[in-house]
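# Got a predicted structure plus its sequence, pasted below:
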Amino acid sequence: MWRSLARPVCNCSSLLVRSYNTKVKTKPLPSFRLPSSRSTFAPLGVKSVGRPGPPPTQAQTQSSGSGSAPAPKDRARRDEEITAAYITFVDENGELHRNVRLENALQQFDRSRYFLIEVDPTARHPVCRLFDKKALFEKAKQSKKKKTTTPESVVKEIVFGWNVSPHDMGHKLNKARQFLDKGNKVKVEIVSKKGQASVTRSDQQETMAKVVAEMEEYKLSKPPKLAGSSCFMQFERK
């Protein structure tokens, strides 16, 4: 009796399994390909690094500098102003080190004593040399001193008319003597002023001779020269 009851149950369960398998189609598993023996694995968080290539050229590294402010136009680039990533480094002993990273070169000398100055920016790896700061400052100081205006380079002007009175001429020439004694050069100009009577050529010659005679203790560097109605002459200290 029990066997007869179990057969219908088993038949029903087998029918349910068959009908389910026909409706549900299983997807095939994705294929997984193992890497070849040449492939390398890097630990998590670490990038895989291959063989180091040749250092970049100057054109490739011009934008790889430190990003500091550019150098002034009146001097060469120095220290962090250098834009190349790789340089030819000349140390304080004059020894040449090729293909050196700029950041490494800046760590190889006393920054308080030396400047690293780019002396040849046109090279593939710009040539940069160490210069003593104290020597550079002294050189700049001497150059600035030479450019300072000396009294001998200053020319003062004294102007008066042809009809000048003896008193006024004496006053003007005394002022010229003060300039000359300080080391300046003095240019004396005699002109025709508006409202004054015209003078003859002989009167002009007489006035010029008086000025030269009054200033005889000084050197007449430029003799009197007439230009139209005016006369120019120049004196300097002997």
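Cool, got the structure. What you see is a predicted model; the values in this text were computed from it and never measured.
# which secondary element of the protein has the worst mean pLDDT?
The helix or strand of the chain with the lowest confidence, counting by mean pLDDT, DSSP states H and E, is helix 58-61 at a mean of 45.
# Who does the helix or strand following that one pair with, and is each partner parallel or antiparallel?
Proceeding C-terminally, helix 58-61 gives way to strand 86-90 as the next helix or strand, assigned by DSSP states H and E. Paired with strand 86-90 in the same sheet, following DSSP bridges, are strand 96-101 (antiparallel), strand 127-132 (parallel).
# quick one: terminal-to-terminal distance for stretch 118-138?
From its first residue to its last, stretch 118-138 covers 20 Å (C-alpha to C-alpha, to the nearest Å).
# how about the lengthiest strand in the chain: buried residues?
For the chain, the strand reaching the highest residue count under DSSP state E is reported as strand 219-227. Within strand 219-227, the residues that qualify as buried are 220, 224, counting by 16 or more other C-beta atoms under 10 Å. (Glycine included, C-beta is placed from N, CA and C.)
# Which secondary structure elements does it sit against?
With contacts defined as 3 or more C-beta pairs under 8 Å, 6 or more residues apart in numbering; DSSP states H and E, the packing partners of strand 219-227 are helix 201-214, strand 230-236.
# quick one, that strand and strand 230-236 angle?
With axes from the mean of the first three to the mean of the last three C-alpha atoms, to 10 degrees applied, the angle from strand 219-227 to strand 230-236 works out at 170 degrees.
# Output the helix or strand in which residue 176 is found in PDB with nothing but the alpha carbons.
For residue 176, the host element (DSSP H and E) is helix 166-181. The C-alpha trace of helix 166-181 is given here as PDB (Å, rounded to 0.1, in the frame of the first residue of the first chain):
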ATOM      1  CA  PRO A 166      82.100 144.000 -16.000                       C
ATOM      2  CA  HIS A 167      80.400 143.300 -12.600                       C
ATOM      3  CA  ASP A 168      78.000 140.700 -13.900                       C
ATOM      4  CA  MET A 169      80.700 139.000 -15.900                       C
ATOM      5  CA  GLY A 170      82.900 138.800 -12.800                       C
ATOM      6  CA  HIS A 171      80.000 137.300 -10.800                       C
ATOM      7  CA  LYS A 172      79.300 134.700 -13.500                       C
ATOM      8  CA  LEU A 173      83.000 133.700 -13.900                       C
ATOM      9  CA  ASN A 174      83.400 133.400 -10.100                       C
ATOM     10  CA  LYS A 175      80.500 130.900 -10.200                       C
ATOM     11  CA  ALA A 176      82.400 129.100 -13.000                       C
ATOM     12  CA  ARG A 177      85.500 128.900 -10.800                       C
ATOM     13  CA  GLN A 178      83.600 127.300  -8.000                       C
ATOM     14  CA  PHE A 179      82.400 124.600 -10.300                       C
ATOM     15  CA  LEU A 180      85.900 124.100 -11.700                       C
ATOM     16  CA  ASP A 181      87.400 123.800  -8.200                       C
END
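# List the contacts of that helix.
Contacts with helix 166-181, where a contact means C-beta atoms under 8 Å, 6 or more residues apart in numbering, come from 156, 158, 160, 164, 185-186, 188, 210-211, 214-215, 218, 235-237.
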